[in-house]
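Q: Provided below for reference: sequence and predicted model.
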Amino acid sequence: MGEFIDALAIALKAGIGFQAVFLALLALGINMQFGYTGLLNFGQIAFAMVGAYGIAVSVSQWGLNFWVGVAIGIAAAVALALLLGLPTLRLRADYLAIATIASAEGLRLLFRSVSATPVTNGSRGISGFNSTFRELAPWDTGRRYRILGTFWSGADLWVTTVGWTLVALGCLLVWSLVRSPWGRVVKSIREDEDAVRALGKNVYVYKMQALVLGGVFGALGGMIYAIGTGSATPDQYQNANTFLAYAALILGGAARVLGPVVGAMLMYFIIQFADSGLRSLIETGVIPEGLLSTTDVAQIRFVIIGLGLILLLVFRPQGIFGDRREVMLDAR
Amino acid sequence: MTHPTDRVRRHGRRSRPARRGSPTPAGAASRRGVTVLRLLLVALFTAGLATLIPGTAIAQGESVSGTLRTSLSGPIEGVEVVVTTPDGDEVGTDETDENGRFTIEVPGPGEYTVTVPEDALPEGVEFNAGNSRTVTVDPGRNQGVIIGLDDGSRGSGGGTVRWVQLFVDGLRFGLLIAMAAVGLSLIFGTTGLTNFAHGELVTIGAIVAWFINVDGGVPLIPAALLAMVIGALIGAANERLLWRPLRRRGTGLVAALVISIGLSLLLRYGYQIFFGGSSEAYADFRGQRAVDYGPFNLTDKDLYSIIIALVVLLLVALMLQRTAIGKAMRAVADNRDLAASSGIDVNRVILVVWMMGGALAALGGVLLGLSDEVQWDMGFRLLLLMFAGVTLGGLGTAYGALVGSIVVGVFVQMSTLVIPNDVKYVGGLLLLIVILMVRPQGILGSRVRVG
Amino acid sequence: MPAEPIRTGATASRDRLPAREALRDVPWEVGVAKPDPTIVVDGVIRTFGGLTAVSVDHLEIQRGGITGLIGPNGAGKTTLFNLLTGFDQPDGGTWSFDGRPLGKLASHQVARLGVVRTFQLTKALSRLTVLQNMLLGAQGQRGEGFFSALVPGLWRGQEQANTEKALELLRRFKLDAKKDDFAGTLSGGQRKLLEMARALMSDPKVVMLDEPMAGVNPALTQSLLGHVKDLREQGMTVIFVEHDMDVVRDISDWVVVMAAGNVIAEGPPESISQNQAVVDAYLGAHHDAPLTIEEEDAQLAEAEASISRQGRGGGESLSSDATHRKGGDR
């Protein structure tokens, strides 16, 4: 029972920690792209990676100011969105999907390659770029604080606070956009872009705007993650995270302003709970070591994500809070 | 794929965050890979907050490791590798195993010198930059060491012309991609599904053959045939248990696509749990030496891979062109409702497409496992190149996928003439984006009508 | 579905209309010049693979009239629509609207000039309400810019005016009771009405209707016909594709007949049934075309798919989408 409470506490903390912020920002971007505009960005993690490396490379490798790094990270995400969107947004949705998934994998390989080592420090990654950020904290980042029965380091608490503030601002931005005529156009593009074109809207420009905006959210997510962990390594940015964000978005409800946020918190809670629960079950011998070892637990979570995605889309495509009738109107 | 640089790079990747606390540090070189990858994932995704930095939270010790191997000689076994401190004190030694690998634990972070005795190498193989290397080992890391070896197959010595060698390698690689991509393309054509789980069909073929071959003791050729049968059955199961019911429910294309991604994650990490994270070679055809064909070198297994792939793909093309079921496949891919109204049993055709796709992917997996070893995510890594090939050839056309895949394979290999080896896939992906810009309908595709 | 009331007087006084008057003395020849052409097509050719889908030497469309475009399946009517509205690019040729060449323009630019089309398969935006569908049609909206969207003060007034206009149009099309329903819940006929009303939100000069009556409940047909005639009365030019010859005879001022990509006849509706080339094209189509012209098969399959799709409430799905896409893949 004690283990269960511990697992619950760890999971609760994970559900509001900076990893959940990371996931929420990724999902917020995907919601803009996929939920509202119908764009299939399967390489959201690439935007997170260029965001994170924007800070890491600027500060640690080039010795620039932290805020310049933030600007560079965002600019890099915008550039990536343009690069991917320009050739593919005129084509059918699958092309963007393939181009983004390819670039997510390609960029990660590039960043960890030997030839990129002078800039990215290869697969070891870069650290030591978040001191400026930490110094801004209104409390002592070296201390540990107890909040609701969980312990937080001051630094984590600061990253998490800033992160959730960003998420809130992002939600506000999305909310005001989707209720405007601009939002009406992008939602119409999701439904049928030819109809929108026939009514005199430049569909290409709207898709590009949505792709860029979603990519910037992704970059902010990557920055929060990099600052939270204190390092940026290419293998932190595996593309499985993109699909994790998709799962979170669908769980919380696509095309809802708070859907990605709720989904991300729940997702991290579920995963962490399953994770620590399984671990304690293995350690206490309830699950025999021969069947599963603690090192398998990391894989189990991906199996759970995969299974969850399948079950969600088959049985509750509207997410846990959505209205099934609305989703079934147009089976996209 | 069999060049020494490849080998070392891949080995190095597997070994990054090292496993610690292994009860049997010696003789665990292959199992090390499993743990390493698992720990990588643990490091990335699990265990609370602080452990998200790979290497620092988990690892407690340090080691150096590497591989002695060239394409002509194969792995070099039984060489005594010595690690010393910069002052010359010996830290440890290890004899390279059958795969040419060595791993030596070191007492802590710092500088170490790795030395291979001058006279230990087989005839014809030389050091290309001295017999020792000094490396810096960071806390908690397994530091990969590259001892450059020259067997005359590159550069000056020997008869090899580099671009011809790369072209032949690329052709072989492209044929493997094509074998998997034909099924992907036909499934897309007949059902509209962009199947992101197709790479897992490749992996399962390789893994099944590995279990039959290594654990079951069956020679690789019958094992491969069995794997193809199982691949076909898995393809059929895919269609009957998942996609056909979903089609019947009228599941949307995007939803189907995300479901295939879920399936891909589920299977891929399931494989990792059952197969482990390491690379494993088949029991047969190990350590073959490359045969000199003048402008290029090729091991016999690679040669036969090319021949098998060519023959199989030719048979597939003949089947599509000549047989009733092949024509039906093309008809369904061309226009599903028209085919149905002409009396073709569309569901049966789709089932056959899935079975064929599964069998071809499985065979592709076995051949890929033969040249590159079997790994849990080998199919997924191939998937992007399959997509590149299929897109290049024109989505949904079987011949397009064939041509496109071969172009991608050759391009990826030959791009190493100008770009470093470890970013060659990036080149392939860049090619994909460039093609989308210039000719989005692909080489053999046609523009789509609106309305 | 409740029967729509039939518009009274909509079929009367055909001969007093100006377009028909102006076209009275025009000879019944292919490529003939019209007194006041608004759209002029010259040498437009579009091939798909080896198949010539459209090859039109010269065609003029009279301003302010209703021009019916007929022809057997696979004649290239929809492809011609696609070319004229920028949804497809031809292999060669020029075409203009009010003297302005349209060849280089993208589809949305054509629409902004006032040439608005509807689609054979209705494109109601399912998960938007009927009113939102309508509002999308309005042109020059300030709130559609990314940054201005964030300042509601900039677009609120305009939005209000557009809403009033939309509600007025919805009342005319008897859709006002449905304004807050999702468009996906409408019947096939109501979607056709909505699509037409949405096109009118943009104050078009030319309205191009691709099979406006296809799949529409007979009770709604009369109401739709009435609306088409209203467009003419408001001074718009209408071009429509239709298969039902009764409908064509009833409302068109001029009929253009296409077969195998070519214009084979032109003239007032009463001239068409006597035209030997037209009779041959239709009979020939009945005998051979289903077997020889792939395009026809594709369109047939597409139409069937559209009917079944509308029956299910629309939307692209795993299997039927493959059809939709591949069907048009030529």
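A: Nice, I can see it. In this text the structure is predicted, and so the values were computed from the model without any measurement.
Q: identify the residue nearest the geometric centre of the chain.
A: If you meant another chain, say so; for now it's chain A. With distances taken as C-alpha atoms, centre = their mean, A:Leu26 lies nearest the centre of chain A, 2.5 Å away.
Q: meant chain B, my bad for not saying
A: Closest-to-mean residue, chain B, C-alpha atoms, centre = their mean: B:Met378 / 4.0 Å.
Q: I figured C:Thr221 hits C:Met213, correct?
A: Yes - counting by C-beta atoms under 8 Å, C:Met213 is a contact partner of C:Thr221 at 5.6 Å. C-beta here means a position set from N, CA and C on the backbone, and glycine is covered the same way.
Q: which neighbours do these two share?
A: Residues touching both C:Thr221 and C:Met213 (C-beta atoms under 8 Å, 6 or more residues apart in numbering or on different chains): C:Val247.
Q: more neighbours: the two, which one.
A: Ranked by neighbour count (other C-beta atoms under 10 Å in any protein chain shown), C:Thr221 and C:Met213 place C:Met213 first, with 22 against 19.
Q: residue contacts, A:Gly149?
A: Per C-beta under 8 Å, 6+ apart, neighbours of A:Gly149: A:Ala9.
Q: tell me the secondary structure at the residue nearest to the centre of chain A.
A: Counting by DSSP: H, G, I helix; E, B strand; the rest coil, the backbone at A:Leu26 sits in helix.
Q: any idea of the pLDDT on it?
A: You'll see A:Leu26 listed with a pLDDT of 96.
Q: verify the contact between it and A:Ala219 for me.
A: No - in this structure A:Leu26 lies outside contact range of A:Ala219 using C-beta under 8 Å: 10.0 Å.
Q: quick one: common contacting residues for the two?
A: Contacts common to A:Leu26 and A:Ala219, judged by C-beta under 8 Å, 6+ apart, are A:Ala48.
Q: the nearest residue to C:Asp91 once chain neighbours are set aside: what's it in contact with?
A: Leaving aside its sequence neighbours, C:Asp91 sits nearest to C:Ile45 (C-beta to C-beta, 6 or more residues apart in numbering or on different chains; 4.9 Å). By C-beta under 8 Å, 6+ apart, the contact set of C:Ile45 is C:Thr52, C:Val54, C:Ser55, C:Val56, C:Pro90, C:Asp91, C:Gly92, C:Gly93.
Q: C:Ile45: which element?
A: Assigned by DSSP states H and E, C:Ile45 falls within strand C:37-48.
Q: ok now that strand, how far from the chain's centre?
A: Chain-centre distance of strand C:37-48: 16 Å, with C-alpha atoms, centre = their mean, to the nearest Å.
Q: what of stretch B:206-213?
A: On the basis of C-alpha atoms, centre = their mean, stretch B:206-213 sits 15 Å off its chain's mean C-alpha point.
Q: contacts for it next, please.
A: B:218-220, B:222-224, B:226-227, B:230-231, B:271, B:275, B:280, B:282-284, B:362, B:365-366, B:368-369, B:374, B:376, B:378-379.
Q: now list the buried members of these.
A: In these, burial by neighbour count holds for B:218, B:220, B:223-224, B:226-227, B:230-231, B:271, B:275, B:280, B:282-283, B:362, B:365-366, B:368-369, B:374, B:376, B:378-379, counting by 16 or more other C-beta atoms under 10 Å in any protein chain shown.
Q: within reach of chain A, which of those residues are there?
A: With C-beta under 8 Å from any C-beta of the partner chain as the criterion, the buried ones among the contacts of stretch B:206-213 include none near chain A.
Q: inside helices: which ones of the residues you listed?
A: Cross-referencing the buried ones among the contacts of stretch B:206-213 against helices under DSSP state H gives B:220, B:223-224, B:226-227, B:230-231, B:271, B:275, B:362, B:365-366, B:368-369, B:378-379.
Q: between those residues, which sits nearest A:Leu211?
A: Nearest to A:Leu211 among these: B:Gly379, at 28.8 Å, using C-beta to C-beta.
Q: distance of that closest one relative to B:Thr203?
A: 4 Å (C-beta to C-beta, to the nearest Å).
Q: what bridges to the residue nearest to C:Asp91?
A: Taking DSSP bridges as the rule, C:Ile45 bridges to C:Ser55, C:Gly92.
Q: read off the pLDDT value for B:Lys39.
A: Check again: residue B:39 is Leu, not Lys. 34.
Q: same check on C:Lys123?
A: Listed pLDDT for C:Lys123 reads 85.
Q: what sits against it?
A: When contacts are counted by C-beta under 8 Å, 6+ apart, C:Lys123 touches A:Asp192, A:Asp194, A:Ala195, A:Ala198, C:Glu195.
Q: ditto for C:Ser96
A: C:Ile39, C:Val40, C:Leu102.
Q: quick one on the thing from earlier: which PyMOL command selects the buried ones in the contacts of C:Ile45?
A: Selection of buried members from the contacts of C:Ile45 for PyMOL, criterion 16+ other C-beta under 10 Å:
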select buried, chain C and resi 52+54+55+56+90+93
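Q: picking that back up, pick out the most distant pair among the contacts of C:Lys123.
A: Across the contacts of C:Lys123 (C-beta to C-beta), the longest gap, 11.7 Å, separates A:Asp194 and C:Glu195.
Q: which one of the two has more residues nearby?
A: More crowded of A:Asp194 and C:Glu195, by other C-beta under 10 Å: C:Glu195, with 25 against 19.
Q: could you look up the SS state of that one?
A: Using three-state DSSP, the structure places C:Glu195 in helix.
Q: report pLDDT for it.
A: 91.
Q: same question, C:Thr11
A: 42.
Q: how far off centre is the lengthiest helix in chain C?
A: The longest helix of chain C (DSSP H) is helix C:152-172. A distance of 25 Å separates the centroid of the chain from that of helix C:152-172, by C-alpha atoms, centre = their mean.
Q: same question, stretch A:42-55
A: The answer for stretch A:42-55 is 10 Å, by C-alpha atoms, centre = their mean.
Q: same question, stretch B:294-310
A: Chain-centre distance of stretch B:294-310: 17 Å, with C-alpha atoms, centre = their mean.
Q: and A:Ser113, how close does it get to chain B?
A: To chain B, A:Ser113 is 4 Å away according to C-beta to the nearest C-beta, to the nearest Å.
Q: does that residue touch B:Val423 like I think?
A: Yes - assessed by C-beta under 8 Å, A:Ser113 is found in contact with B:Val423 at 4.6 Å.
Q: is B:Thr113 in a helix, a strand, or coil?
A: Classification of B:Thr113 using three-state DSSP returns strand.
Q: show me the contact partners of whichever strand or helix holds A:Phe133.
A: A:Phe133 belongs to helix A:131-135 when assigned by DSSP H and E. Helix A:131-135 is touched from outside by A:Val59, A:Asn65, A:Phe66, A:Trp67, A:Thr141, A:Ala155, A:Trp158, A:Val159, A:Val162, A:Ile227, with contacts defined as C-beta under 8 Å, 6+ apart.
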